[in-house]
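Visitor: Sharing a model prediction with you, sequence too.
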Amino acid sequence: EGSEERGHSWHFEMDPDSIYAQTSVGIMERTSAEKVLWIGGLGSEVELFEQDAVAEDLHKNFSCVPVFLGAELKDKHYKGFCKGFLW
């Protein structure tokens, strides 16, 4: 499927070594969950005009909901909240 059909220029594929791939099967096998929905940030910034299409693509194909944070907010979240409160 080309970028025009997807509505964005990004390409996503499953990484079999990722925690996403490794834990999804275990969660489904060991719980009564019917579906796993992953929520989190991407490693790169996505332009505002592509965010809706990227979110739709990730939800449809990977059961993921991306959280889009700008560089400054991402830095404050990690260094302030995560480092200050979680670990």
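Guide: Nice, I can see it.
Visitor: Isn't Lys35 up against Cys64?
Guide: No: checked against Cβ atoms under 8 Å, the pair Lys35 and Cys64 is beyond contact range at 11.8 Å. C-beta: built from backbone N, CA, C; applies to glycine.
Visitor: So those two - more neighbours on which side?
Guide: Higher neighbour count among Lys35 and Cys64: Cys64, with 18 against 8, using other Cβ atoms under 10 Å.
Visitor: how close does that one get to Val54?
Guide: Here Cys64 is placed at a distance of 10 Å from Val54 (Cβ to Cβ, to the nearest Å).
Visitor: for Phe62, same thing?
Guide: 11 Å.
Visitor: These two: who's more crowded?
Guide: Val54 (20 against 16).
Visitor: buried ones in the strand or helix carrying the more buried one?
Guide: Using DSSP states H and E, Val54 falls within helix 48-62. Buried residues in helix 48-62, counted by 16 or more other Cβ atoms under 10 Å: Glu50, Ala53, Val54, Ala55, Asp57, Leu58, Phe62.
Visitor: May I ask which of those residues comes out lowest in pLDDT?
Guide: Ranked by pLDDT, those bottom out at Phe62, which scores 88.
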